[in-house]
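[1] Quick one: sequence and predicted model below, then my questions.
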Amino acid sequence: MELSKTSGLIFLASRYEGVDERLIESSVDEEISIGDYVLSGGELPTMVVMDAIIRQLPGVLGDDNSAIEDSFVNGLLDCPHYTRPELLKDPGCLMYYCRVTMLELAPGDYSNR
């Protein structure tokens with residue numbers, strides 16, 4: 001992400017209807033949308049963008065390859081994940097899950113996504 005290589009960023013988080021257009025025209029370099037829906041303020045979208053930028057910085061994630069191997073990187077969904085207990089009990093309903101320790105896919109093999 002290009003923004004992760006920028007030395008300084010200023011986020012303008014507006015309240016509900018937005019920011020005065022004159023301020024946008026005179027001072028804003030880039031507008032970013034996180035989707036087509038309405039929120040009460042710009043704080044949550046700002047945090048979403050900040051998280052996406054920060055994840056790109058070296059050493060932030062436990063494994064630097066995690067960001068490039070995440071779901072949605074190639075426009076695909078992630079594969080199913082399972083954990084313990086193998087048997088989940090719910091009133092009137094039993095669900096069985098397989099224990100999965102590690103699934104290794106060959107590069108380009110997205111059959112489970």
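    Noted; the coordinates are in hand. Not measured: the values here are computed from a predicted model.
[2] Now tell me which helix or strand of this structure has the poorest mean pLDDT.
    Of all helical and strand segments in the chain, the minimum by mean pLDDT, DSSP states H and E falls on strand 93-96, at a mean of 42.
[3] Check which residues of the longest helix that the chain contains are buried.
    As assigned by DSSP state H, the longest helix anywhere in the chain is helix 43-54. Using 16 or more other CB atoms under 10 Å as the test for burial, helix 43-54 gives 45-46, 49, 53. Heads up, the C-betas are built off the backbone N, CA and C, glycines and all.
[4] Could you export it as PDB, keeping only the C-alpha atoms?
    Output of helix 43-54 as PDB, limited to C-alpha atoms (Å, rounded to 0.1, in the frame of the first residue of the first chain):
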ATOM      1  CA  GLU A  43     -13.700   7.800  13.300                       C
ATOM      2  CA  LEU A  44     -14.400   4.200  12.400                       C
ATOM      3  CA  PRO A  45     -13.500   4.500   8.700                       C
ATOM      4  CA  THR A  46     -10.300   6.300   9.800                       C
ATOM      5  CA  MET A  47      -9.400   3.400  12.100                       C
ATOM      6  CA  VAL A  48     -10.100   0.900   9.300                       C
ATOM      7  CA  VAL A  49      -7.700   2.800   6.900                       C
ATOM      8  CA  MET A  50      -5.100   3.200   9.700                       C
ATOM      9  CA  ASP A  51      -5.200  -0.500  10.500                       C
ATOM     10  CA  ALA A  52      -4.800  -1.400   6.800                       C
ATOM     11  CA  ILE A  53      -1.800   1.000   6.500                       C
ATOM     12  CA  ILE A  54      -0.100  -0.100   9.800                       C
END
